[in-house]
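Asks: fold the stuff below for me.
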Amino acid sequence: MSERGRRQVSRPLIATTLVATVAAGAAYTFGPGARADQADRKASPSQERSRAADAPAQSLTAAASCATSARYPKRQLRGVWIATVHNLDWPSRPGLSPARQQAEYLKILDSAVKHRFNAVFVQVRPASDAIYRSSLEPWSQWLTGTAGKDPGWDPLPFLVDEAHKRGLEFHAWFNPFRAADSATSKLPASHPAKVHPDWVVKHEGRLYYNPGLPQVRDWVTKVVTDVVRRYDVDGVHFDDYFYPYPGNGAKFADSAAYKKYGKGMSLGDWRRRNVNELVAEVSHAVHAAKPYVKFGISPFGIWRNKAEDPGGSATKGMSGYDAIYADAKAWIKARSVDYVMPQLYWPRGFAAADYSVLLPWWANAVKGTGVDLYIGQALYQVGTTGAWTKAGELPAHLALNRKYPEVGGDVFFSAAQLVKNPLGVLDRITKEHYTRPALLPLLTGFDTTAPAAPRGVAASGGTLTWKAQPGARAYGVYRVAGDDASCATADARNLVAVVPASAAPSYATTAPGAYYVTALDRLGNESAAVPAG
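Replies: Below is the predicted model of the structure:
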């Protein structure tokens, strides 16, 4: 495989090729507390979602008496990662005109909408660079081909606005510790790695920031907070890259920082503490800047193996805890993340890391913690080898998810495959699992105030209309065919549309029945349902 081809698939293949051995080559090219002020959050994510979903529409829905179906979840995250590094997903190559970049992005969004997705996770900082106008870090080379070169526009407002116009939540995805794609990369003089060479560790041909330095963690937090404050993002997202993945056996050269800051801890515990401190610091900063912005991480799919830890999973692969010092259970326990999204990139029955084994392990890990669970799905694997040559493997993952109420949705890697739709798998998922739209999950610890209900709801001449409601991000439209509407909004069986606030406040009533409209705020809180007059 060519170097470019290797780069394009190396990150996701970590999940498969590294699972059997820690000595496999490291991937680099893609990286898809309680907050201190809310340490008493105790409801499970599933309990909180159910409670918040039912309460606002009490005139129609009684939570204790309305039967719901796992086949029609009212609230479910359905997302896709959009990678910019090495032009994996967007833009398709560097140097495109702004108009071409915009057209390519809209094609991805329209494909997401077609398959009833409701969120995108867009990589805005691949490696201490920016897909947005920044005074802190240089423009990304993946926009123009040259690090630091101004592309002539700021993509991020467009990326966010166009997602919102289509009813898609926008999560800004950052890689925290990568400093440069290559140790030989030509970096602008203003690049933080040039300004602060003492922050940088050269490791197996690449540059990393040293997670053991407090000033590095402070810098990452500053970069993230800058984006949250200046742009209308809905979430901040980290992928699985913290310390480098195992590569060719070279030791990560952080001994000086360990000597200075280790304070008698083992090297592994100290490194995990460094990551934990960054996660807690970013969590606090994000929520302090904008309390409605969510923060979560997509860890490697294996926390630890049972052979390494009695609390681990019955797997035999690389451990995120031991190999890259990412302790997802610590983040969950501290509630320093709002959600975790483990990358379960293996099929059912895979001996070293069986999806059917890992899914319940992660469900149990978040149970009763107030931290939501979404699953990172290997769309990129569909049509490749083994079980992935069967179009039914990925849909079967979603079917299995229904058995675990802790699972609040799925995010697919990645957008290039979303558009290509290998083996027609997205059509199948839409037909079997995404038959109805879904509202966004309601995360524990966020404002649950219901917005005001829409006004002037009326049906006439085959069109349902209402007056725009200030503060609404979208509107839910429900259709009830029979006479009993008491449980109309309990699940998604009657949910026929989620209309973005940017669109005209109307819906074409193509089928007979009684129609109801609700207002939704940016967090997904839902108003009481108003019948069409």
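
Asks: my read: residue 417 touches residue 377, true?
Replies: No. Using Cβ atoms under 8 Å, residue 417 makes no contact with residue 377, being 10.4 Å away. Any C-beta I mention is one placed from the backbone N, CA and C, and that applies to glycine too.

Asks: tell me where the stretch 251-400 of the chain has strands.
Replies: Assigned by DSSP state E, counting those that start in this stretch, the strands in the stretch 251-400 of the chain fall at 294-297, 339-340, 372-377.

Asks: quick one: the helices in the stretch 251-400 of the chain, in order.
Replies: With DSSP state H, counting those that start in this stretch as the criterion, the stretch 251-400 of the chain has helices at 255-261, 267-289, 320-323, 328-334, 355-366, 393-401.

Asks: and the contacts of the third one?
Replies: The list of residues contacting helix 320-323 from outside it, by Cβ atoms under 8 Å, 6 or more residues apart in numbering, reads 18, 22, 240, 245-246, 268, 272, 299-304, 308-309, 326-329.

Asks: which members of those are classed as buried?
Replies: Buried subset of the contacts of helix 320-323 (neighbour count, 16 or more other Cβ atoms under 10 Å): 18, 240, 245-246, 272, 299-304, 326-329.

Asks: closest to residue 184 out of these?
Replies: Taking Cβ to Cβ as the measure, residue 184 lies nearest residue 245 of the buried ones among the contacts of helix 320-323, at 20.1 Å.

Asks: per-residue confidence for that closest one?
Replies: Looking at residue 245, its pLDDT is 96.

Asks: from residue 174, how far off is it?
Replies: Distance of residue 245 to residue 174, given as Cβ to Cβ, to the nearest Å: 18 Å.

Asks: and residue 390, by the same measure?
Replies: 35 Å.

Asks: residue 471 now?
Replies: 28 Å.

Asks: before we move on, what about residue 316?
Replies: Residue 316 is 31 Å from residue 174, by Cβ to Cβ.

Asks: more neighbours, these two?
Replies: residue 174 (20 against 15; other Cβ atoms under 10 Å).

Asks: shouldn't that one be in contact with residue 233?
Replies: No. Using Cβ under 8 Å, residue 174 makes no contact with residue 233, being 10.7 Å away.

Asks: touching both of the two, which residues are there?
Replies: Common neighbours of residue 174 and residue 233 (Cβ under 8 Å, 6+ apart) are residue 227.

Asks: what is the burial count for residue 99?
Replies: By other Cβ under 10 Å, neighbour count at residue 99 equals 9.

Asks: same check on residue 93?
Replies: A count of nearby residues for residue 93, using other Cβ under 10 Å, gives 11.

Asks: try residue 184
Replies: Residue 184 - counted by other Cβ under 10 Å - has 10 other residues nearby.

Asks: burial count for the residue nearest to it when sequence neighbours are not counted?
Replies: Nearest residue to residue 184, sequence neighbours excluded (Cβ to Cβ, 6 or more residues apart in numbering): residue 205, at 7.9 Å. Using other Cβ under 10 Å, residue 205 has 13 neighbouring residues.

Asks: got a list of what residue 205 touches?
Replies: Contacts of residue 205 (Cβ under 8 Å, 6+ apart): 182, 183, 184.

Asks: will you turn these into CSV that also has secondary structure and distance to residue 372?
Replies: Shown next, in CSV, are the contacts of residue 205 (DSSP: H, G, I helix; E, B strand; the rest coil; distance: Cβ to Cβ, whole Å):
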residue, secondary structure, distance to residue 372
182, coil, 36
183, coil, 38
184, coil, 41
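
Asks: hmm, residue 221 is touching residue 282, no?
Replies: Yes. Applying Cβ under 8 Å as the test, residue 221 and residue 282 come out as touching, 5.3 Å apart.

Asks: ok, those two, which is more surrounded?
Replies: Taking other Cβ under 10 Å, residue 221 and residue 282 do not tie; residue 282 has more neighbours (25 against 19).

Asks: that one: what's it in contact with?
Replies: Taking Cβ under 8 Å, 6+ apart as the contact definition, residue 282 lies against 176, 220, 221, 224, 236, 238, 295.

Asks: ends of stretch 220-238, what's the gap?
Replies: With Cα to Cα, to the nearest Å as the measure, the ends of stretch 220-238 fall 11 Å from one another.

Asks: just the CA trace of stretch 308-325, in CSV.
Replies: Provided in CSV are the C-alpha atoms of stretch 308-325 (Å, rounded to 0.1, in the frame of the first residue of the first chain):
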residue,chain,number,x,y,z
GLU,A,308,-4.7,-7.5,33.3
ASP,A,309,-7.5,-6.3,35.6
PRO,A,310,-10.4,-8.2,37.1
GLY,A,311,-12.6,-5.2,36.1
GLY,A,312,-11.5,-5.5,32.5
SER,A,313,-13.3,-7.0,29.5
ALA,A,314,-13.0,-10.6,28.3
THR,A,315,-10.7,-9.6,25.5
LYS,A,316,-7.1,-10.2,24.5
GLY,A,317,-6.1,-6.9,22.8
MET,A,318,-4.2,-3.8,23.3
SER,A,319,-5.3,-1.8,26.3
GLY,A,320,-5.9,1.9,26.2
TYR,A,321,-5.2,2.1,29.9
ASP,A,322,-1.7,0.5,29.6
ALA,A,323,-0.6,1.5,26.0
ILE,A,324,-1.7,5.1,25.6
TYR,A,325,-2.4,5.9,29.3
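
Asks: show me which residues of it are buried.
Replies: For stretch 308-325, the neighbour count (16+ other Cβ under 10 Å) marks 312, 313, 315, 317, 318, 319, 320, 321, 322, 323, 324, 325 as buried.

Asks: could you measure from the second one over to residue 257?
Replies: Residue 313 sits 31 Å away from residue 257, going by Cβ to Cβ.

Asks: now swap in the third one and tell me
Replies: As defined by Cβ to Cβ, residue 315 lies at a distance of 32 Å from residue 257.

Asks: picking that back up, turn the contacts of residue 205 into TSV, including distance to residue 499 and pLDDT.
Replies: Below are the contacts of residue 205 laid out as TSV (distance: Cβ to Cβ, whole Å; pLDDT from 0 to 100):
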residue	distance to residue 499	pLDDT
182	46	87
183	50	85
184	51	83
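
Asks: show me which of those is closest to residue 354.
Replies: residue 182 (36.0 Å).

Asks: what comes up buried for stretch 455-470?
Replies: Buried, per 16+ other Cβ under 10 Å, within stretch 455-470: 457, 459, 464, 465, 466, 469.

Asks: can you say which two of those residues are spatially most distant?
Replies: Most distant of the buried residues of stretch 455-470, by Cβ to Cβ, are 459 and 469, 17.7 Å apart.

Asks: ok, for residue 112, nearest residue in space, not its chain neighbours?
Replies: Residue 112 sits nearest to residue 80 (Cβ to Cβ, 6+ apart), 5.7 Å away.

Asks: separation between the one you found and residue 472?
Replies: 25 Å.

Asks: now residue 378
Replies: Residue 378 is 36 Å from residue 472, by Cβ to Cβ.

Asks: neighbour count: these two, which is higher?
Replies: In this view residue 378 and residue 472 are compared by other Cβ under 10 Å, and residue 378 has more residues nearby, 26 against 22.

Asks: wait, that one sits on residue 394?
Replies: Yes. Using Cβ under 8 Å, residue 378 and residue 394 qualify as a contacting pair, with a distance of 7.4 Å.

Asks: what comes into contact with stretch 225-232?
Replies: Counting by Cβ under 8 Å, 6+ apart, 124-125, 132, 134-136, 156-157, 160-161, 164, 170, 172, 174, 233, 236, 285-286, 289-290, 293 sit against stretch 225-232.

Asks: shouldn't residue 216 be within a helix?
Replies: Yes. Counting by DSSP: H, G, I helix; E, B strand; the rest coil, residue 216 is part of a helix.
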